[in-house]
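In: model the following, please.
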Amino acid sequence: MTGPGARGVPWITFEGIEGVGKSTQIERVAGRLERAGRTHVITREPGGTELGRRLRALLLEPTERPMRPLAELLLYTADRAQHLEEVILPALERGAVVLCDRYLDATLAYQGHARGLGVTAVLALHREAPLDARPDRTILLDMEPARALTRARRRNVGSGQDTSEGRFERERLDFHTRVREGYLELAAGEPERIRVIDAQGEPDEVERRVVAALCDLLTELAEPA
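Out: Numbering: from 1, shown residues only. You can find the predicted model right below:
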């Protein structure tokens, strides 16, 4: 099942390893839509629903004993099922553009590729509705992992999230390198949907790249910021 963009309402996801600036660029795209008078919804995975917020705490809080990869995969899938039914699909049905911070590609890159569970195992859980739904466009913000990880860890310490949501930031650099490799493999396989954006540079510069990758779906983004 493809995304509902055929109805004229795009569903856009933002992906990338920790520290690449997804939240910043989502807010900037949302600001352009707001100024253009376009109804939109910002959401995220995990944590886009009440259930998701509980699962987010389980998934992102650092623990002494590592979570098993299969358990991690199933928790993310549970979050996604609730998220689709409660937030994403209803928003699209009422005509709102959906801007989502992470979706299935994150699970494919993190659990499928970096954790070694395999893409096939992840996709097997996403064959039936509503989990077979796919976004219309994915913005993959790409950056060299060492630099991105330094930014992410500094952000977490500054915001106090290091002890509440820092589990993935505490992974070794080689893990994040594998995640990035997984993302780039996915992008190579779906170049029309997944647009790789250089996330290095000033936010304004990155925003221009993001907008250029979305203007065919949202022409109003081309208006001056």
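
In: pull the longest helix from this protein.
Out: helix 173-189 (DSSP state H).

In: looking at this, residue 41 is in a strand?
Out: Yes: using DSSP: H, G, I helix; E, B strand; the rest coil, the assignment for residue 41 is a strand.

In: could you pull out the strands in the chain for me?
Out: With DSSP state E as the criterion, the chain has strands at 11-15, 40-44, 97-101, 137-142, 194-198.

In: let me know which of those is tucked in deepest.
Out: strand 11-15 (a mean of 26; mean count of other CB atoms under 10 Å). (Glycine included, C-beta is placed from N, CA and C.)

In: who's in contact with residue 116?
Out: Contacts for residue 116 (CB atoms under 8 Å, 6 or more residues apart in numbering) come out as residue 69.

In: again, but for residue 130
Out: Counted by CB under 8 Å, 6+ apart, residue 130 has contacts 81, 84-85, 89.

In: what residue is smack in the middle of this structure?
Out: Nearest residue to the geometric centre of the chain (CA atoms, centre = their mean): residue 102, 1.5 Å.

In: if I look at it, what pLDDT would I see?
Out: At residue 102, the predicted lDDT confidence score is 97.

In: quick check: closest non-adjacent residue to it.
Out: Leaving out its chain neighbours, the residue that sits closest to residue 102 by CB to CB, 6 or more residues apart in numbering is residue 45, at 4.6 Å.

In: then residue 177?
Out: residue 145 (5.0 Å).

In: the chain: helices as residue ranges?
Out: 22-35, 50-60, 69-83, 89-93, 104-107, 119-124, 145-159, 173-189, 203-214.

In: buried ones in the second one?
Out: Okay, so that is helix 50-60. Of the residues in helix 50-60, 51-52, 55-56, 59-60 count as buried by neighbour count, 16 or more other CB atoms under 10 Å.

In: those: which two are farthest apart?
Out: The span of these, defined through CB to CB, is set by 51 and 60 at 14.9 Å.

In: related to what we said a few turns ago, show me the contacts for the residue nearest to residue 102.
Out: 52, 76, 79-80, 83, 100-103, 106.

In: low-confidence ranges, this structure, go.
Out: Applying pLDDT under 70 to the chain flags residues 1-7, 156-166, 223-225.

In: which among the contacts of residue 130 gets closest to residue 131?
Out: Among the contacts of residue 130, and counting by CB to CB, the member closest to residue 131 is residue 81, at 5.9 Å.
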